[in-house]
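1. Got a sequence here, can you build the structure:
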Amino acid sequence: MNKRILVISSLLVLGFLGANAHAMDVHATFNELDKDSNGTLSEAEAGEDAVLHENFLQIDTNQDGQLSLDEFKKFIQ
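-> Numbers count the residues shown, from 1 in each chain. Next up, the predicted model:
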């Protein structure tokens with residue numbers, strides 16, 4: 001597991017980053033997790049981060065089996 005992703009997403013979830021850094025890091029983290037660059041995170045891709053993995057079903061609000069950037073952002077906020 002990429003420890004950088006885990007640390008960044010954990011910090012984002014806990015709200016330790018400022019608003020501008022938060023927006024930049026949300027996109028950067030999402031893009032880094034999106035290994036196939038299709039604009040969504042599969043459960044396997046989300047599994048690279050313990051927080052996302054544990055909360056995948058709750059984050060996937062439309063229940064399509066993928067996390068969109070919007071779903072990811074809502075979870076981080």
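2. so where does the residue nearest to Gln58 when sequence neighbours are not counted fall, helix or strand?
-> Distances taken as CB to CB, 6 or more residues apart in numbering put Phe75 closest to Gln58, at 7.8 Å, once the chain neighbours are dropped. Bear in mind the C-beta positions are built from the backbone N, C-alpha and C, glycine included. Phe75 is located in helix 69-76, with elements delineated by DSSP states H and E.
3. helices or strands up against that helix?
-> Under the contact criterion of 3 or more CB pairs under 8 Å, 6 or more residues apart in numbering; DSSP states H and E, helix 69-76 touches helix 3-14, helix 19-33, helix 50-59.
4. Can I get that helix in PDB, CA atoms only?
-> What follows is helix 69-76, C-alpha atoms only, in PDB (Å, rounded to 0.1, in the frame of the first residue of the first chain):
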ATOM      1  CA  LEU A  69     -14.600  12.200  -8.000                       C
ATOM      2  CA  ASP A  70     -17.800  13.900  -6.600                       C
ATOM      3  CA  GLU A  71     -18.500  10.900  -4.300                       C
ATOM      4  CA  PHE A  72     -14.800  11.000  -3.200                       C
ATOM      5  CA  LYS A  73     -15.000  14.800  -2.600                       C
ATOM      6  CA  LYS A  74     -18.200  14.500  -0.500                       C
ATOM      7  CA  PHE A  75     -16.600  11.800   1.600                       C
ATOM      8  CA  ILE A  76     -13.400  13.900   2.200                       C
END
